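Q: Provided below are the primary sequence and the corresponding predicted coordinates.
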Amino acid sequence: MNPDTIAVLRPETEAELAEAIRLASAPLAIRGGGTRPVGRPQTGALLETGALSGITLYEPGALTLVAKAGTPLAEVEAALAAEGQRLPFEPMDHRGLLRTTGEPTLGGMVAANASGPRRVQAGACRDSLIGVRFVDGTGTVVKNGGRVMKNVTGYDLVKLMAGSWGTLGVLTEVAFKLLPAPESAATILWQGLDSASALRLMAEALKTPWEVNAAAHLPDQRTLLRVEGFARSVAYRADELAKALAPFGRSVTLGAAETASLWAQVRDVAPFHDQDGDVWRIAVKPSESAALVAKAGGEALYDWGGGLIWLRLGEGVDLRARLGDFPGHATLIRASAETRRHIAPFPPEPPAIAALTRGLRARFDPRGVLNPGLMDA
Amino acid sequence: MQMPRPSADILGRRASIVARLRALLPADAVIDDPHETRAYECDGLTAYRCPPLAAVLPRTTEEVAAILGLCHAEGVPVVPRGAGTSLAGGALPTADSVILGVARMNAVLETDYDNRFIRVQTGRTNLSVTGAVEADGFFYAPDPSSQLACAIAGNIAMNSGGAHCLKYGVTTNNLLGVTLVQMDGTVVQIGGPWMDAGGLDLLGLICGSEGQLGVVTEATLRILPKPEGARPVLIGFSANEIAGACVSDIIKAGVLPVAIEFMDRPCIRATEAFAHAGYPDCEALLIVEVEGSDAEIDEQLGLIRQIAARHDPVEFRESQSEEESKKIWLGRKSAFGAMGQINDYMCLDGTIPVSELPRVLRRIGELSREYGLDVANVFHAGDGNMHPLILFDANKPGDLQTCEALGAEILKLCVEVGGCLTGEHGVGIEKRDLMVVQFAPEDLEAQMRVKDVFDPDWLLNPAKVFPLGASETRRAS
C-alpha cells in the first residue's frame, strides 16, 4: 500500500473523529504511530489519531494518568519518570522487530495490548487500563471505566477494547493505573543452560516468595531473572535466588543499568531484529513450551517464565499446521503482507467463540469500516 | 427498588417447567417446595426478597448446560447464584425465574505449581481456594470480606476485590480462563493456564458481567507464592483530612503496601465496643500492611513511619508479634459485624480518586446530618474504594427509604468527583437506577449490545445492572 495514493484523515478532536467515521462509506485503516502493522493487511483510507494528543490528567498521589489516545508513549513515559512512576506492564516497542519507524502512541499500545516482561507479575496492558473513550463504527462516542483503580460499574468494555486492534472502535482517550518506579533493580544471569533446564529454573524461581518480576531465556542460552524494589531488598532477593537456584549452575548478578538495557532487549525481542524470517508470538502453558518449540523448529526466545514464546521461523511457514492442537495460541506478528494474506495472523477460534466475536463486531462496527478483517482467521 | 412484574404465562406453566427440570436432573437437585425456595428469596441485600419459581443445584457443567438449554427453550429467566452473599442484590430472583445455584460444584479440578494455577468448579468458596494450596506455600490473592462464604462464581460475576488488591489486583487480574455455559446451553472454553486469552478479550468482558452473559462453571485462577512475611501498622490521626493526606504521601513515596485501610471515628467506636481490638480513640486511623522478609518489612515500615510523622499522628503502633498483627486486623475485619450489632446498615461501595478523600468525607458528614442518619466509614483507602455504612432502623417506617436516598446522594457525589458507583460489589439491583448518573445513554447502549450478543433473549439475570426503563424493550422481546 502506497501512502501517497490514498486518503489520510487526521482529525484533531474526538468530535471530528466521530464525524469522519460517521461519514465513512468505505473501510478505514486506523493508525496511531503506525509502528505495529500486525494482522491482515489493510487497504482502507488511513485514519490517524496522532493529532488527538496530550496528557489530560496526571495525579501522582493517586497513581493514575489519563491521556488522549494519540499521545506519544515517550511523552507519557517522560512525564511519569519525572515523578518516579511508570506504566506497570513495560510495553513492548515493536519498531525494531517490525522494522517500522514512527512514534508509538498510547492508543496503539492499548489496541495491541502491548505488554512486556513484567507481565508475569504486574499483568498486561489490559490489567492497568482503567478507562477508555472510543468512537464505535457508527460514529458514536462511548465511554467506559473511568479514572479510579477499582470500578465494577457496568460491563468491562475497557478490557474488550485492549487488544482489539482498532476493530471495535477507535480509542480517543485512555486511563491507566501506575506504579512507583523502583529504587533499584538487579538481574541474575545463568549462561549455557538448555531450554528444558532454563524453563525448570524459571518455574522454580517464580515459585519463590522473592518477587521475580521477569524471567526469560534467550536464543544465546542466557537465562535471566529480574528483581526490582528498594536497594537493600533487591540485593537480598537476588542473593537468595542465586543461592536457591545454585543447582542450575553458577550465576552472576547484574546491576540496575545493565538490567535496564538487557530487559529492553528482551521486551523488544532484539535478538530477532536483524534476523530473517517470520516471527510468531505463542502463549502457552509454560511447562509445555520446550516440547512445543522442539516440535515447531526455529529459534525461540522465551519470556514470561516460558509462558510466552517468540519463535523465528522460515518465511511463509504455517506454524499452526505444524503444531496441531496445543494448550495455548499462536499469533503471526512479523511476516510480509503476502504471507499475512494467506496465513491468518490471529488464531482461528472454535465456532461458538467465533460466533460471539462476529456478534460483537456486528454490534460495534455494523458497517465493517474499522480495520475490517484485521483479526479474521 | 422496582422489579419487573412476573410473567403470568410462566407462572401458569410452573408445574410443567418443574417437571421438565426434574426429568433432566437428580431428584435432590430441583427445589420447588415453597418452604424450601424461600432459602433463595434474597442474597446479602436482605431488604429485598422474592422466592423464585424453583431453584436448581446442578453438580456438573453438563447439568448446567441442560438446565439453561431447557430454560432457553421455555423462555424462563434464570438467575445464577454463587453463595448468595451479594450486597447489591445480584442474586435476587423474580417469581418467574429459576435460581441456578452452583454451591454443589465445589471441587478442585487441577493444581499446578509449576505453572502457578488452580482450576476449580466455581461453587468453591474464595477462602477454600487458598485453603487448597496454602500448605504448599501458595495463595489466591483476591480476598473480599466475605471470603469465608462467597463463591468464586460470584467473585467472577462481580469482579470482586478485597483489602489486598492495591498490590495484587482484583478478580479479573487473577482469572486466566473459564468454562462458560451460554443461555442456549452452548459450552465454551475461554482462556486457560496461559497468559492472555487470545482474540478479543472475552474473558475480561465476562468477569464483572454480573451473571448476565453466561454461567461460569469452572475457572482457572492464578495462584501466587506466599510472601515471607507481612506486618501491619496502625496509625491514628486527629482528623480524616490528615489521614487522607498521609495515604497520598505514602503512595507518592514509592512504597506499595499490600493494603491501606481507613476507619473513621464512628466506625472505630462501634468496632471497639464490639471487638475490643484496643484501637486508640481518635478521629481516623489507617491500617497499613507491608510484605517481605523481616529486613524488608523493617525498611518499608521505617519509611512509612517517617511519612506518618510529618502528619502528627496521635498513635503509631507497629505490630511486634503475630498476635499483635491479628489484633490490629481484628477491628477492621469486625467492622461490618460490629455495625450490624448496633443497627441495620446499608454498605455503599463507590470509588473516588484518592486525592478527593478529604473533600468527600467532609461532604458525607454534611449529608449525614441533613438526612439525620449516621454514617460510618471503613474502606480501602489506597485505591479510593469507599465503604460508607449508613445506619438505619428497618423497623422504623420510612427509614430504609431515607437511607436509600442518602446512599444515592453519596454515590452521586462519588461520580461527581471523578469516581464511580461501585468499586467491587457490583450494580445488581441496588445501583441499577443510578447508572444514568455515571453513563450517557450511548454508554449503556454499548454495554447492552454486548448482552444482546451473548443472551439475545435477555433471559439471564435480566432485571439487573441496567435501569429497567433502559432495558425494557430488550427484556420484553
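A: Noted; the coordinates are in hand.
Q: what sits against residue A:282?
A: The contact partners of residue A:282, by C-beta atoms under 8 Å, 6 or more residues apart in numbering or on different chains, come to A:289, A:292, A:308, A:309, A:310, A:311, A:319, A:328, A:329, A:330, A:331. Where you see a C-beta, it was placed from the backbone N, CA and C, and this is true even at glycine.
Q: Residue A:189 versus the second one, what's the distance?
A: For residue A:292, the distance to residue A:189 under the criterion C-beta to C-beta, to the nearest Å works out to 25 Å.
Q: So which of those two has more stuff around it?
A: residue A:292 (21 against 18; other C-beta atoms under 10 Å in any protein chain shown).
Q: which stretch of helix or strand covers that one?
A: Using DSSP states H and E, residue A:292 maps to helix A:289-296.
Q: Surely residue A:207 and residue B:226 touch.
A: No - at 10.4 Å, residue A:207 does not count as touching residue B:226 under the criterion of C-beta atoms under 8 Å.
Q: Contact residues of the stretch 201-350 of chain B facing chain A?
A: Applying C-beta under 8 Å from any C-beta of the partner chain, we find that the stretch 201-350 of chain B lies next to chain A at B:201-205, B:207-209, B:225-228, B:248-249, B:251-256, B:292-293, B:295-296, B:299-300.
Q: Just the buried ones out of these, please.
A: Listed as buried from these are B:201-205, B:207-209, B:225-228, B:248-249, B:251-252, B:254-256, B:292-293, B:296, B:299-300; burial here means 16 or more other C-beta atoms under 10 Å in any protein chain shown.
Q: okay, and for the chain, where does confidence drop off?
A: Here I'm looking at chain A. By pLDDT under 70, the low-scoring segments of chain A are A:1-6.
Q: look at chain B instead
A: Filtered on pLDDT under 70, chain B yields the residue ranges B:477.
Q: sec struct for the closest residue to chain A within it, please.
A: Nearest to chain A in chain B, going by C-beta to the nearest C-beta, is residue B:204, at a distance of 2.5 Å. Following DSSP: H, G, I helix; E, B strand; the rest coil, the label given to residue B:204 is helix.
Q: tell me which element residue 358 falls in.
A: You didn't pick a chain, so chain A it is. For residue A:358, the element it lies in under DSSP H and E is helix A:351-364.
Q: try again with chain B
A: If you go by DSSP H and E, residue B:358 is part of helix B:357-371.
Q: so what secondary structure elements neighbour that helix?
A: Packing partners of helix B:357-371 (3 or more C-beta pairs under 8 Å, 6 or more residues apart in numbering or on different chains; DSSP states H and E): helix B:240-252, strand B:375-380, helix B:399-416.
Q: now, of the ones you listed, which is deepest in the fold?
A: Highest mean neighbour count of the helices and strands packed on helix B:357-371: strand B:375-380, a mean of 26 (counted as mean count of other C-beta atoms under 10 Å in any protein chain shown).
Q: Can you list the helices and strands that that strand packs against?
A: If you count contacts as 3+ C-beta pairs under 8 Å, 6+ apart, strand B:375-380 packs onto strand B:259-264, helix B:265-275, helix B:322-342, helix B:357-371, strand B:388-392.
Q: out of these, deepest packed?
A: strand B:259-264 (a mean of 26).
Q: strands paired with it, and their directions?
A: Take DSSP bridges as the rule and strand B:259-264 pairs in its sheet with strand B:284-291 (antiparallel), strand B:375-380 (antiparallel).
Q: And the next helix or strand past the host helix or strand of residue B:447?
A: Element membership for residue B:447, per DSSP H and E: helix B:441-454. Later in the chain than helix B:441-454, the nearest helix or strand by DSSP H and E is helix B:468-476.
Q: Need the contact partners of the helix holding residue A:358.
A: Under the contact criterion C-beta under 8 Å, 6+ apart, helix A:351-364 has outside partners A:136-137, A:160, A:167-169, A:348-349, A:368, A:375, A:377, B:182, B:186-188, B:190, B:199-200, B:202, B:446, B:449-450, B:452-454.
Q: That helix versus helix B:441-454: what angle between them?
A: If you take axes from the mean of the first three to the mean of the last three C-alpha atoms, to 10 degrees, helix A:351-364 sits at 160 degrees to helix B:441-454.
Q: Would you indicate which residues of helix A:351-364 are buried?
A: Buried positions in helix A:351-364, judged by neighbour count with 16+ other C-beta under 10 Å: A:352, A:353, A:356, A:357, A:359, A:360, A:361, A:363, A:364.
Q: now the fifth one: how far from residue B:454?
A: Spelled out, that is residue A:359. Separation of residue A:359 from residue B:454 (C-beta to C-beta) stands at 8 Å.
Q: The first one now?
A: Applying C-beta to C-beta, the value for residue A:352 to residue B:454 is 11 Å.
Q: Now the common contact residues for the two.
A: In terms of C-beta under 8 Å, 6+ apart, residue A:352 and residue B:454 are both contacted by the residues residue B:182.
Q: ok, which stretches of the stretch 1-150 of chain A are helices?
A: Along the stretch 1-150 of chain A, the stretches classed as helices by DSSP state H, counting those that start in this stretch are A:14-23, A:73-82, A:95-98, A:106-111, A:119-122, A:125-128.
Q: counting contacts, what elements does the first one pack onto?
A: Right, the one you point to is helix A:14-23. Packing contacts for helix A:14-23, counted by 3+ C-beta pairs under 8 Å, 6+ apart, involve strand A:45-48, strand A:129-136, strand A:169-177.
Q: Now do that helix and strand A:169-177, the angle between them.
A: Using the same axes, to 10 degrees: helix A:14-23 against strand A:169-177 is 150 degrees.
Q: for the closest residue to residue B:195 other than its chain neighbours, what are its contacts?
A: Leaving aside its chain neighbours, residue B:195 sits nearest to residue A:307 (5.1 Å; criterion: C-beta to C-beta, 6 or more residues apart in numbering or on different chains). When contacts are counted by C-beta under 8 Å, 6+ apart, residue A:307 touches A:120, A:283, A:284, A:285, A:286, A:289, B:115, B:194, B:195.
Q: can you tell me which of the residues you listed lies nearest to residue B:323?
A: Nearest to residue B:323, judged by C-beta to C-beta, of the contacts of residue A:307 is residue A:120 at 35.1 Å.
Q: What is the burial count for that closest one?
A: Residues near residue A:120, counting by other C-beta under 10 Å, number 24.
Q: dump the residue contacts of the nearest residue in space to it that is not next to it in sequence.
A: Leaving aside its sequence neighbours, residue A:120 sits nearest to residue A:304 (C-beta to C-beta, 6+ apart; 4.9 Å). Under the criterion of C-beta under 8 Å, 6+ apart, the contact list for residue A:304 reads A:117, A:119, A:120, A:215, A:216, A:286, B:195.
Q: Thanks again, I'm all set now.
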